[in-house]
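Peer 1: please work out how this folds:
(chains A and B)
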2 protein chains.
Amino acid sequence: MSRFTPVALAHASRLLNHGPTILITSLDPQSGRANVMAAAWSMPVEFTPPRIAIVVDKNTWSRELIERSGQFGIVVAGAGFADQTWAVGSHCGRDGDKFSRFGIHAVTGPVLGLPLIEDGCSAWLECRLLDEPGAQQKYDTLFGEVVSAAADERAFINGRWRTDIAPELRSLHHLGAGTFLTTGGEITARPVMESP
Amino acid sequence: MSRFTPVALAHASRLLNHGPTILITSLDPQSGRANVMAAAWSMPVEFTPPRIAIVVDKNTWSRELIERSGQFGIVVAGAGFADQTWAVGSHCGRDGDKFSRFGIHAVTGPVLGLPLIEDGCSAWLECRLLDEPGAQQKYDTLFGEVVSAAADERAFINGRWRTDIAPELRSLHHLGAGTFLTTGGEITARPVMESP
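Peer 2: Down below sits the predicted model:
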């Protein structure tokens, strides 16, 4: 069971700060059909207001839905969700609903009504697509502003990732071809002796 | 001692695929002064040609140098380089050369002549700035095309990150305030049983 609680918008970019592999969700505004894909390429671009960038190929169904609806969801997958992450990343939603196909339970976002995932995942964000046609066309890079976010309190609490996060909720970092690194130990930087 | 060997351009985006914290280097085209900063926010946007995006605040000296010179370097810091990464991320290069100040040895990039770092780091890339003024002004997002890359063969070889990478060369993933996660174990996704 997930234990999701709201994340303050001022802390939302921290959910992606460490470069995790994510799931991107979308909704067909006409039919209401939901879609989900995996993406290794995302990053925050601003803390306040919380804004992020994602890369979504122009040939994907997700791209079409995001451009038509003007919104998308982001889910931070847990290490225990690696198989499903790879599965939704290597199949196309045009061929059938990936949520039911791979047994993934969706919850509904509170602000935009986007399909989101909690079981097996550590956090989610609802985003409004920002208008930046140049980067979108040339580099498949979509900018979004976060309008709501939540995280599993066993993974992220009081605006910070927990050091005692359960192994299955650690983030995934895609190396390629379905192989991911998970996160390991924590390091806190110490001051460097400066040259005179 | 580092053991850097060239990385094929077709594999260059893989160096950033897993979301590591990076160092961004730059060079003043007039004075020849070098600069280095830390950045948690970067991502590939294309494999072929290898293109990446980075976020560099418009108030930084790095941003000024990158825009004036039309180029920048990226260095993937190793876990053993966390202290220096934090140090160059929390001081401004206008106040003095951070390479000499923090005892960081620079090597010279083969194509663009950019300052790069090998000791304590796992890989570097030389990039030409691409012209995308909208994203640059609005979201501090700079796109670049990789023109040369190399990696320590103890970390990345034959186009892949090694599974037996030494702990001090594992990548850093910034949580905030000088605290980083390093990478841990590897997971390979298995097929998900599909619903009928």
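
Peer 1: how about the residue of chain A found nearest chain B: what's its closest non-neighbour residue?
Peer 2: Chain B sits closest to A:Gly19 of chain A, with a gap of 1.7 Å, by Cβ to the nearest Cβ. Backbone N, C-alpha and C define where each C-beta goes, glycine included. Computed as Cβ to Cβ, 6 or more residues apart in numbering or on different chains, the closest residue to A:Gly19 that is not its neighbour in sequence is B:Gly19, at 1.7 Å.

Peer 1: pLDDT value on the one you found, please?
Peer 2: With respect to pLDDT, B:Gly19 scores 98.

Peer 1: next, the angle from the longest strand seen in chain A to strand B:141-152.
Peer 2: The longest strand of chain A (DSSP state E) is strand A:141-152. Angle of strand A:141-152 versus strand B:141-152, following axes from the mean of the first three to the mean of the last three Cα atoms, to 10 degrees, is 80 degrees.

Peer 1: ok so, going back, my read is the residue of chain A closest to chain B is in a strand, agree?
Peer 2: No - counting by DSSP: H, G, I helix; E, B strand; the rest coil, A:Gly19 is located in no strand; its state is coil.

Peer 1: please, which helix or strand holds the most far-flung residue of chain A relative to its centre?
Peer 2: In terms of distance from the mean C-alpha position of chain A, A:Pro196 ranks first, at 44.7 Å (Cα atoms, centre = their mean). Counting by DSSP states H and E, no helix or strand carries A:Pro196.

Peer 1: returning to that earlier point: what's near enough to touch the residue nearest to A:Gly19?
Peer 2: Taking Cβ atoms under 8 Å, 6 or more residues apart in numbering or on different chains, we find B:Gly19 in contact with A:18-21, A:40, A:43, A:173, B:43, B:173.

Peer 1: tell me the phi and psi of it?
Peer 2: phi 80, psi 40 (degrees, to the nearest 10).

Peer 1: low-confidence ranges in chain A?
Peer 2: Chain A contains residues with pLDDT under 70 at A:1.

Peer 1: now do the helices in it.
Peer 2: A:61-69, A:82-89, A:98-101, A:133-139 (DSSP state H).

Peer 1: turn those into a markdown table, columns for distance to chain B and mean neighbour count.
Peer 2: Putting the helices of chain A into a markdown table (distance: least, Cβ to the nearest Cβ, whole Å; neighbours: other Cβ atoms under 10 Å in any protein chain shown) gives the following:
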| stretch | distance to chain B | mean neighbour count |
| --- | --- | --- |
| helix A:61-69 | 14 | 19 |
| helix A:82-89 | 3 | 24 |
| helix A:98-101 | 5 | 19 |
| helix A:133-139 | 4 | 16 |
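
Peer 1: excluding chain neighbours, what is closest to A:Phe72?
Peer 2: Using Cβ to Cβ, 6+ apart, the nearest residue to A:Phe72 is A:Ile66, at 4.7 Å.

Peer 1: the one you found against A:Leu142, yeah?
Peer 2: Yes - here A:Ile66 reaches A:Leu142: they are 6.5 Å apart, a contact under Cβ atoms under 8 Å.

Peer 1: which residues do those two both contact?
Peer 2: Residues touching both A:Ile66 and A:Leu142 (Cβ under 8 Å, 6+ apart) are A:56, A:72, A:129.

Peer 1: which residues in chain A form strands?
Peer 2: Assignment of strands within chain A using DSSP E yields the ranges A:4-6, A:22-27, A:34-39, A:42-46, A:51-55, A:71-77, A:107-108, A:115-116, A:121-129, A:141-152, A:156-157, A:160-161, A:172-176, A:179-188.
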